[in-house]
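*Asks:* My questions are about this predicted structure, shown below with the sequence.
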Protein chains: 2
Amino acid sequence: MNAVKVGLLGLGTVGGGTATVLLRNADEIQRRVGRAIEISHVAGLGIAEQTIVDAATTKLTEDAFEVVNDPEVSIVVELIGGYTLAKDLVMKAIENGKHVVTANKALIATHGSEIFKAATEKGVSVSYEAAVAGGIPIIKAMREGLAANRIQWIAGIINGTGNFILTEMRDKGRDFDDVLKEAQELGYAEADPTFDVEGIDAAHKLTILASLAFGIELQFDQCYTEGISKITTDDVVYAQELGYSIKHLGITRKTENGIELRVHPTLIPKKRLIANVDGVMNAVLVQGDAVGPTLYYGAGAGAEPTASAVVADIIDTVRTIDAPVEYKVPMLGFQAGSMSSEPVMAIEEIETACYLRMTAMDKPGVLAEVSEVFAKHNISIEAVTQKEPAQGEDNVHLVLLTQIVKESNMSTAIKEVENFDEIIGSIARIRVEQLG
Amino acid sequence: MNAVKVGLLGLGTVGGGTATVLLRNADEIQRRVGRAIEISHVAGLGIAEQTIVDAATTKLTEDAFEVVNDPEVSIVVELIGGYTLAKDLVMKAIENGKHVVTANKALIATHGSEIFKAATEKGVSVSYEAAVAGGIPIIKAMREGLAANRIQWIAGIINGTGNFILTEMRDKGRDFDDVLKEAQELGYAEADPTFDVEGIDAAHKLTILASLAFGIELQFDQCYTEGISKITTDDVVYAQELGYSIKHLGITRKTENGIELRVHPTLIPKKRLIANVDGVMNAVLVQGDAVGPTLYYGAGAGAEPTASAVVADIIDTVRTIDAPVEYKVPMLGFQAGSMSSEPVMAIEEIETACYLRMTAMDKPGVLAEVSEVFAKHNISIEAVTQKEPAQGEDNVHLVLLTQIVKESNMSTAIKEVENFDEIIGSIARIRVEQLG
């Protein structure tokens, strides 16, 4: 069979990695797929300087639309990122009848519905394995490997930068700003780290996982998102003492009242396997009704790990490149006519246990007052610890673990306690999940 | 579209689980696959007593060949196990033009080549996700998710019974026989536990993983297999003190000299994620050249976890049920004409670090003599510990960690040392892998 011609948009970190893997493993890939895959056209800024693909056989351009409009190209691989240009290119590629592979989580989470609709009408596929958890084949596991299951919940460490920061804080007692600076120097975190540390990147990925799990539309704007920038080294230490690790998790769960969709720092028992996923590594824990818990672990970012997923998508696309659509796995795992309209719940409606840390004057009776407020709101306290004041300080830390409580009740109680004269500043709340 | 009719062979643990999951999740599965899947014919011993499928709509028989010869059945699901009858049924199903799904690791590992050849000639598929690591979609990850990679090595905890025993030995200081007895009572281990504790079951699974990783023929007879029945509680304790856990691993690795294919107890660093996979759970760690390490974790056995994989295969089969073969993933992941003839290495050729435990008379000079033998064979010792004799005993335990050494050298040195008068009985050797 003829070689399949691929056009790459972007030759940066992931684009370069993709070209490298396609070229280096061309023989092995051909042994698997039965035909050659050729990089026929590449667009990138400063493309004349590139040394990855052979300019004698691959067309090079700075204009990505040239690739998208190239009649020879069958598969367009979008690795530019962002929402605007990337969306125009992907939509144009679809219009031109080309299959698309993308690593762009922001694009899929925010414009996926429109893109998939256009692709379905045109009879082409849009694949995005690399958009969630980098090299881990989690999209394939969700859409195919676990297709027998009703998925009950997912909890994922799906941002490597955040996990690196929390791991360093725990292992070395360093504070957030210090580690963030190092992460930026190491190239793990962007100059503007907001997407990573405030949970937006994780929310993009979780939005996609939730659709794959429950067959709901992509609803990034409904995702509750809370970052890790307020986690202190005290919190990390106190959590450890209580038998927990703090991880920045994306959690989606099907409940009787709707779908939970939330990204936030979370205390999880240290003994869980996912609590031992450290550094920049990612892991996704999926609970299915038949299979029980399964976990998928690997590198969530980086040139070649991401390329591994991109190229897997290219291989899948090549395998069924001219097959009728009914032979293909639907883009969100469920048939277009079978999507569920189950609502995403507001965060106020969610129920979780909570870890609370408050600074209190070291006076008798404070704990009794606090406890009274909690009792009034039907919040059971599972554990209380008073931490001795640091040298030269008069105030103590009170650390509480509550039983499962409705978010809105907890918020009301926190506000009331914060009004006490004996409580200094605001109360830190971190949700607790057993994941058992 | 019409419902696809499935025939089940076997309604025991896995067969019952498969029927239960197909029936319970029928709506969800139809949302995914776009058509109904119907259990139209079931064979099992004492089938008249079954209460899982509706006898009004499903044909029941004690003769499995009735199902295989039923012209209405499109997919035959073999869940009987064993090599003999199962093979005849699978071959007959293929001859009758039916697709096959099986959970039978022994059958695939020993007769897979013949079965796949017949299926390819007939244009039907044979799927076996449940044959390795139960509910974990590891076959799909190897064949598709990681298809961009040259796989470098795999290390798997792929027998839950063995992992349960080693976990109990470590956590509770119990000895092997004691835990094995409990495992049998709990139904984790068979009355004849040989397949599980001697590594035969793991070797079946590893044989399959090696073919998927490297595109080599299935070569169960070339797999080196060593069980866990000689591991003592002393070994477990000493390993912990050295920073290691003992796990029963299946390991396959591509080297310059051929393919390693071996199942044996292994010391691995406690800090590795896979060292924290405990109890009956399975995990497979895969190292690819692009993606780096990825790990897949879940239940390796049990009715519904195994059914999860069986039903995923049924769904995959339904999706492309009348598709030409070129649209399908090859049964071993590589095109039939692209299999490699790279040889599997004899265990004597393998190189690993080793843990050695020997009982020695408590006399000066013994360690010097032992060290001399090792030096003569170019074996570097990384650590030596002498364990004080237990109360009332005169002999000590010497525990050594070697650097990486060729297996045959190690064996020769061990034999020489065992001949010393001061060394009592035989020397325990456990291979060490860093998995880093």
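*Replies:* Alright, I've got the coordinates.

*Asks:* quick one: furthest residue from the center of chain A?
*Replies:* Of all residues in chain A, residue A:364 has its C-alpha farthest from the mean position, at 44.7 Å, by CA atoms, centre = their mean.

*Asks:* Determine the three-state secondary structure at that one.
*Replies:* What DSSP: H, G, I helix; E, B strand; the rest coil gives for residue A:364 is coil.

*Asks:* Tell me the predicted confidence for it.
*Replies:* For residue A:364, the pLDDT comes out at 87.

*Asks:* residues from the stretch 1-150 of chain A in reach of chain B?
*Replies:* The stretch 1-150 of chain A comes close to chain B at residues A:17, A:21-22, A:24-25, A:28-34, A:129, A:135-137, A:140-141, A:144-150, as judged by CB under 8 Å from any CB of the partner chain. C-beta coordinates here come from the backbone N, C-alpha and C atoms, glycine included.

*Asks:* Could I get the contacting residues of the residue farthest from the centre of chain A?
*Replies:* With contacts defined as CB atoms under 8 Å, 6 or more residues apart in numbering or on different chains, residue A:364 has no neighbours.

*Asks:* what's the burial count for residue A:258?
*Replies:* As a burial measure, residue A:258 scores 17 neighbours (other CB atoms under 10 Å in any protein chain shown).

*Asks:* for it, what are its contacts?
*Replies:* So residue A:258 contacts A:342, A:343, A:344, A:345, A:349 (CB under 8 Å, 6+ apart).

*Asks:* Same question for residue A:169.
*Replies:* By CB under 8 Å, 6+ apart, the contact list for residue A:169 reads A:175, A:176, A:179, A:231, A:233, A:236.

*Asks:* How about residue A:399?
*Replies:* Contacts were defined as CB under 8 Å, 6+ apart; by that measure residue A:399 touches A:238, A:242, A:355, A:356, A:357, A:384, A:385, A:386, A:387.

*Asks:* Now do the SS call for the fourth one.
*Replies:* Of the three states, residue A:356 takes strand according to three-state DSSP.

*Asks:* Tell me how far it lies from chain B.
*Replies:* Relative to chain B, residue A:356 is positioned 29 Å away (CB to the nearest CB, to the nearest Å).

*Asks:* Would you mind confirming that that residue makes contact with residue A:426?
*Replies:* No - look at residue A:356 against residue A:426 with CB atoms under 8 Å: they stay out of range, at 10.7 Å.

*Asks:* more crowded one of the two?
*Replies:* Neighbour totals were compared for residue A:356 and residue A:426, and residue A:356 leads with 22 against 12 (other CB under 10 Å).

*Asks:* ok, back up a step: let me know the closest of the contacts of residue A:169 to residue A:11.
*Replies:* residue A:179 (31.0 Å; CB to CB).

*Asks:* thought that closest one was touching residue A:163?
*Replies:* No - at 11.2 Å, residue A:179 and residue A:163 do not qualify as touching, with contact defined as CB under 8 Å.

*Asks:* who has more neighbours, the two?
*Replies:* Comparing residue A:179 with residue A:163 by other CB under 10 Å, the one with more neighbours is residue A:163, at 26 against 21.

*Asks:* Give the rounded mean pLDDT of the host helix or strand of that one.
*Replies:* Assessed by DSSP states H and E, residue A:163 sits inside helix A:160-172. Averaging pLDDT along helix A:160-172 yields 96.

*Asks:* now it, how far from the chain's geometric center?
*Replies:* Averaging C-alpha positions (CA atoms, centre = their mean, to the nearest Å) puts helix A:160-172 16 Å from its chain's average.

*Asks:* And the next helix-or-strand element following it, what does it pack against?
*Replies:* Counting by DSSP H and E, the next helix or strand C-terminal to helix A:160-172 is helix A:176-186. Contact partners of helix A:176-186 among helices and strands, from 3 or more CB pairs under 8 Å, 6 or more residues apart in numbering or on different chains; DSSP states H and E: helix A:160-172.

*Asks:* Would you mind writing the CA trace of the helix it packs on as CSV?
*Replies:* Extracted C-alpha coordinates of helix A:160-172, given in CSV (Å, rounded to 0.1, in the frame of the first residue of the first chain):
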residue,chain,number,x,y,z
GLY,A,160,2.8,17.3,36.2
THR,A,161,3.9,20.8,37.3
GLY,A,162,1.5,20.9,40.2
ASN,A,163,2.5,17.4,41.2
PHE,A,164,6.2,18.3,41.1
ILE,A,165,5.6,21.3,43.3
LEU,A,166,3.6,19.3,45.9
THR,A,167,6.1,16.5,45.9
GLU,A,168,9.0,18.9,46.6
MET,A,169,7.0,20.7,49.3
ARG,A,170,6.4,17.3,51.0
ASP,A,171,9.8,15.7,50.6
LYS,A,172,12.0,18.8,51.2
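
*Asks:* tell me which residues of that helix are tucked away?
*Replies:* A:160, A:161, A:162, A:163, A:164, A:165, A:166, A:167, A:168, A:169, A:170 (16 or more other CB atoms under 10 Å in any protein chain shown).

*Asks:* Neighbours of residue A:130, how many?
*Replies:* 31.

*Asks:* Quick check: it vs residue A:285, distance?
*Replies:* Here the criterion is CB to CB, to the nearest Å. By it, residue A:130 lies 20 Å from residue A:285.

*Asks:* Can you show me the helices along the stretch 51-200 of chain A?
*Replies:* Assigned by DSSP state H, counting those that start in this stretch, the helices in the stretch 51-200 of chain A fall at A:64-68, A:84-95, A:105-122, A:138-140, A:160-172, A:176-186, A:194-197, A:200-214.

*Asks:* which one of these lies closest to residue B:436?
*Replies:* Among the helices of the stretch 51-200 of chain A, helix A:160-172 sits nearest to residue B:436 (CB to CB), with 17.1 Å.

*Asks:* That closest one vs helix A:200-214, what angle?
*Replies:* Angle of helix A:160-172 versus helix A:200-214, following axes from the mean of the first three to the mean of the last three CA atoms, to 10 degrees, is 110 degrees.

*Asks:* still on that earlier bit, which one of the contacts of residue A:399 sits closest to chain B?
*Replies:* residue A:242 (19.6 Å; CB to the nearest CB).

*Asks:* which residues touch that closest one?
*Replies:* Counting by CB under 8 Å, 6+ apart, residue A:242 makes contact with A:267, A:355, A:383, A:385, A:399, A:401.

*Asks:* again, only using 7 Å
*Replies:* A:383, A:401 (CB atoms under 7 Å, 6 or more residues apart in numbering or on different chains).

*Asks:* Ramachandran angles for it?
*Replies:* Dihedral angles of residue A:242 (phi, psi; degrees, to the nearest 10) stand at phi -90, psi 0.

*Asks:* Check what pLDDT it gets.
*Replies:* Per-residue pLDDT puts residue A:242 at 97.

*Asks:* try residue A:309
*Replies:* You'll see residue A:309 listed with a pLDDT of 98.

*Asks:* Look at it and tell me its secondary structure.
*Replies:* Of the three states, residue A:309 takes helix according to three-state DSSP.

*Asks:* what's the answer for residue A:265, then?
*Replies:* Following three-state DSSP, residue A:265 is assigned to strand.
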